[in-house]
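J.: my questions concern the predicted model and sequence given below.
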Amino acid sequence: MSCTAAHTMATTAGANGASGANAAASSTKGEDNNGRKDARAGLRTQPSGMQRTLWALARILGRFLGSLFVASIAIFALLRLIPGDPAEIALGVSATPDLVAELQERLGTNRPVHEQYLHWLGAALTGDFGVSMTSGQDISPLLFDRAQVSFILCIVAMFCSLLVAVPMGLWAAQRARRFDGLVISTASQIGIAVPSFLAAVLLVAVFAVHLGWVPANGWTPPGVDFTAFVERLILPVISLTAVQAAILTRYVRGAILEVLHEDFMRTAFSKGMSSRRAVLVHALRNAALPVLTVTGTQLTSLIVGAVVIERVFMLPGIGSMLLDAVVNRDLPVVQAVVMVLVFFTLAVNLLVDILNTLVDPRTRR
């Protein structure tokens, strides 16, 4: 009897053990299946490369629009802090209460400030910047004509600067400890230290006044006489290029030197790749992003430098238009010119950010 009971208990214990083992195995299998499902769900919810790119571009565009909106408020508010009524300033000593009231009504300065801003912003979005207080002309056509001159000058100067800076920076980086590399570095430092207006004055004195090779000042539209257009553009472009090329040469040289010390460059050299091929294939491509960013920044600063250059060479650009408006206290013109300059600056930064996002995947996170 006792043997039978013992056998029965052993059989029951074995069955329970097997059942427990099966349950544990089933539980482990269920956990593995759940883990696989969670992993697959995580893979499905992870954004793709295209989605990350679109989100990054949306953030960049939102930042651009937000910055433009804040800048418009700041420009409008700061110009309203200038003492004196714009209508009284425009009329001068001949101002009478009736004339002042009539001009205020025409300019809209008798409205509340927020209404003035909304009216100005709505008109500016359609390309209407109002009327000049001094000349009575529409600002938009005049601003468009002046902006063409400045943008042609700056784009040509930046293009020439890159043509000089990229090969000079590459050469100076490859021969950093040799005489010719040191000469390029020293020349770029001198170019950075020389103001563009001083270079302009020297160029006019030597090549226009003393030698008489090119005109000293003035502007000819390219559609009227292309030869005269090129002749009058030479000295202003050289004046701006001298400084910008020096700055960009330093940046190109520094970016190439930084890339040359990376591990993948040592690997390329160890595999027998020539120095010139390694620099052109690997170093230049990896150094392009920081150089691109600096180029965008320098292009916006080039507009500021062009203000003085336009005065020296008597070019009818947006810089001289701004200076004339400030002297005459023509607030609508000042407001329009500054807004266009801000828009151009933000648009260049927008373009640089978009190019960086498309080229460098790290910026999409």
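T.: Nice, I can see it.
J.: so where's the stretch 1-150 of the chain uncertain?
T.: Residues of the stretch 1-150 of the chain meeting the criterion pLDDT under 70: 1-49, 83-95, 104, 107-109.
J.: and the helices in the stretch 201-350 of the chain?
T.: 226-260, 263-270, 275-278, 284-312, 318-328, 331-359 (DSSP state H, counting those that start in this stretch).
J.: would you list those in CSV and tack on mean pLDDT and distance to Val70?
T.: Backbone N, C-alpha and C define where each C-beta goes, glycine included. As requested, the helices of the stretch 201-350 of the chain are exported to CSV (pLDDT from 0 to 100; distance: least, Cβ to Cβ, whole Å):
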stretch, mean pLDDT, distance to Val70
helix 226-260, 88, 29
helix 263-270, 74, 42
helix 275-278, 72, 45
helix 284-312, 81, 17
helix 318-328, 85, 21
helix 331-359, 85, 10
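J.: mind putting those helices in JSON lines, mean neighbour count and distance to Thr220 included?
T.: Converted to JSON lines, the helices of the stretch 201-350 of the chain look like this (neighbours: other Cβ atoms under 10 Å; distance: least, Cβ to Cβ, whole Å):
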{"stretch": "helix 226-260", "mean neighbour count": "20", "distance to Thr220": "4"}
{"stretch": "helix 263-270", "mean neighbour count": "13", "distance to Thr220": "49"}
{"stretch": "helix 275-278", "mean neighbour count": "14", "distance to Thr220": "43"}
{"stretch": "helix 284-312", "mean neighbour count": "19", "distance to Thr220": "15"}
{"stretch": "helix 318-328", "mean neighbour count": "19", "distance to Thr220": "16"}
{"stretch": "helix 331-359", "mean neighbour count": "19", "distance to Thr220": "23"}
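J.: rebuild those as TSV, extending it with distance to Arg178.
T.: As requested, the helices of the stretch 201-350 of the chain are exported to TSV (distance: least, Cβ to Cβ, whole Å):
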stretch	distance to Arg178
helix 226-260	13
helix 263-270	18
helix 275-278	13
helix 284-312	20
helix 318-328	41
helix 331-359	32
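J.: domain map for this protein?
T.: 2-46, 65-82+127-364 (automatic domain parsing).
J.: nearest to Gly212, of the helices of the stretch 201-350 of the chain?
T.: Gly212 lies closest, by Cβ to Cβ, to one member of those: helix 226-260, at 11.7 Å.
J.: just checking, what packs against the closest one?
T.: Here helix 226-260 is seen to pack against helix 139-174, helix 179-193, helix 196-203, helix 284-312 when contacts are counted using 3 or more Cβ pairs under 8 Å, 6 or more residues apart in numbering; DSSP states H and E.
J.: between these, which gets nearest to Arg329?
T.: helix 139-174 (14.9 Å).
J.: next, the buried residues of the closest one.
T.: Within helix 139-174, the residues that qualify as buried are 139-140, 142-143, 146-147, 149-150, 152-154, 156-158, 160-162, 164-166, 168-174, counting by 16 or more other Cβ atoms under 10 Å.
J.: residues contacting the residue lying closest to Phe197 once chain neighbours are set aside?
T.: Excluding its sequence neighbours, the residue lying closest to Phe197 (Cβ to Cβ, 6 or more residues apart in numbering) is Val308, at 4.5 Å. Counting by Cβ atoms under 8 Å, 6 or more residues apart in numbering, Val308 touches Ser196, Phe197, Ala200, Gly319.
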